[in-house]
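[1] This is the structure alone, sequence omitted:
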């Protein structure tokens, strides 16, 4: 098996290199549109990760550039964000890949008797 | 830190972002910081996160910023070369001059060793023998 290559049966995993914050944001937005503060609170409840506001906006910009999320018209000063159809597809591919990896890891733990 | 001061600190840090970013996220980012401070998040950690975000924002290559980035990189390289050259320049002549000066002030004198101060004769032999005294020369 070549290092750095992987089996992309369900399409390329574009989220593989975007970082954990971006994946957490997509998971949070998969539950419905949210603005920055709601995203930070939701991710803290969901994953126990306190996302810094600087990290938040960097990740949101990156996801928007990739077309995985879109910004909705601002209400007051807040911009809500929504996951796009390509974003939902990319998240599904990424989660499937994590699931396969997790299953393989558990199987090896059982076989190794660790 | 009281709330108005914390918000002022965050607003100062937000000015580090590029204008394009401030135009898009500036108001929202300030409001988000205020909400987080009200929730009890330390202002220092919010400011630090925004500062790191600003650095990332400036360092992330953008198509329109490529020329400016190259120009900045060249400027930084030129400055660092200038600083290095400036630091080395005064040291080199000083290094070159010092042995000459030492030679001029202490010429080589062949012959018997000069009396070495600090040598205490005991039982006819000096207890402390310096290199010069042992080799019969002073350079």
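    Received the coordinates, thanks. Predicted model only: the values in this text are computed from it and were never measured.
[2] From here on, just use CA atoms for contacts and neighbour counts.
    Fine.
[3] What residues does chain B have near chain A?
    By CA under 8 Å from any CA of the partner chain, the part of chain B that sits against chain A consists of B:25, B:27-29, B:31-33, B:35-36, B:45-46, B:49-54, B:56-57.
[4] what about burial for those, which qualify?
    Burial by neighbour count, 16 or more other CA atoms under 10 Å in any protein chain shown: within the residues of chain B next to chain A this picks out B:25, B:27-29, B:31-33, B:36, B:46, B:49-54, B:57.
[5] with the residues you listed in mind, which one is nearest to residue A:36?
    Nearest to residue A:36 among those is residue B:32, at 7.0 Å by CA to CA.
[6] measure the closest one to residue A:109 for me?
    From residue B:32 over to residue A:109 the distance is 43 Å, taken as CA to CA, to the nearest Å.
[7] any idea how far residue B:57 is from residue A:61?
    Counting by CA to CA, the gap between residue A:61 and residue B:57 amounts to 10 Å.
[8] pretty sure residue A:49 is touching residue A:39, no?
    No - with contact defined as CA atoms under 8 Å, residue A:49 does not reach residue A:39; the gap is 11.2 Å.
[9] And these two? Which one has more around it.
    Between residue A:49 and residue A:39, residue A:39 has the larger neighbour count (other CA atoms under 10 Å in any protein chain shown), namely 21 against 14.
[10] what's near enough to touch the more buried one?
    Residue A:39 is in contact with A:25, A:28, A:29, counting by CA atoms under 8 Å, 6 or more residues apart in numbering or on different chains.
[11] so which helix or strand takes in the second one?
    Using DSSP states H and E, residue A:28 sits in helix A:20-29.
[12] What count of nearby residues applies to the closest residue to residue A:47 other than its chain neighbours?
    Of all residues not flanking residue A:47 in the chain, residue A:24 sits nearest, at 8.0 Å (CA to CA, 6 or more residues apart in numbering or on different chains). The local packing of residue A:24 (other CA under 10 Å) involves 22 other residues.
[13] What of residue A:71?
    Other residues near residue A:71 come to 17 when the count uses other CA under 10 Å.
[14] again, but for the one 10 residues further on
    Residues lying near residue A:81 (other CA under 10 Å) number 23.
[15] so residue A:82 makes contact with residue A:29?
    Yes - judged on CA under 8 Å, residue A:82 makes contact with residue A:29 at a distance of 6.1 Å.
[16] check contacts around residue 58.
    Reading this off chain A. Shown in contact with residue A:58 (CA under 8 Å, 6+ apart): B:53, B:56, B:57.
[17] you looked at the wrong chain, it should be chain B
    The neighbours of residue B:58, taking CA under 8 Å, 6+ apart as the test, are B:17, B:18.
[18] With residue B:42 instead?
    With contacts defined as CA under 8 Å, 6+ apart, residue B:42 has no neighbours.
[19] Roughly how far does it sit from residue B:7?
    Residue B:42 sits 11 Å away from residue B:7, going by CA to CA.
[20] now stretch B:60-75: mean pLDDT?
    Averaged over stretch B:60-75, pLDDT sits at 66.
[21] And stretch B:37-44, by the same measure?
    Here stretch B:37-44 scores 91 as its mean pLDDT.
[22] That one: end-to-end distance?
    End-to-end for stretch B:37-44, by CA to CA: 10 Å.
[23] That one: which residues count as buried?
    Judged by neighbour count using 16+ other CA under 10 Å, the buried positions of stretch B:37-44 are B:37, B:43.
[24] Show me the strands in chain A, by range?
    Along chain A, counting by DSSP state E, strands occupy A:69-71, A:81-83.
[25] Now that we have these, can you turn them into JSON lines and tack on distance to residue A:53?
    Putting these into JSON lines (distance: least, CA to CA, whole Å) gives the following:
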{"stretch": "strand A:69-71", "distance to residue A:53": "17"}
{"stretch": "strand A:81-83", "distance to residue A:53": "15"}
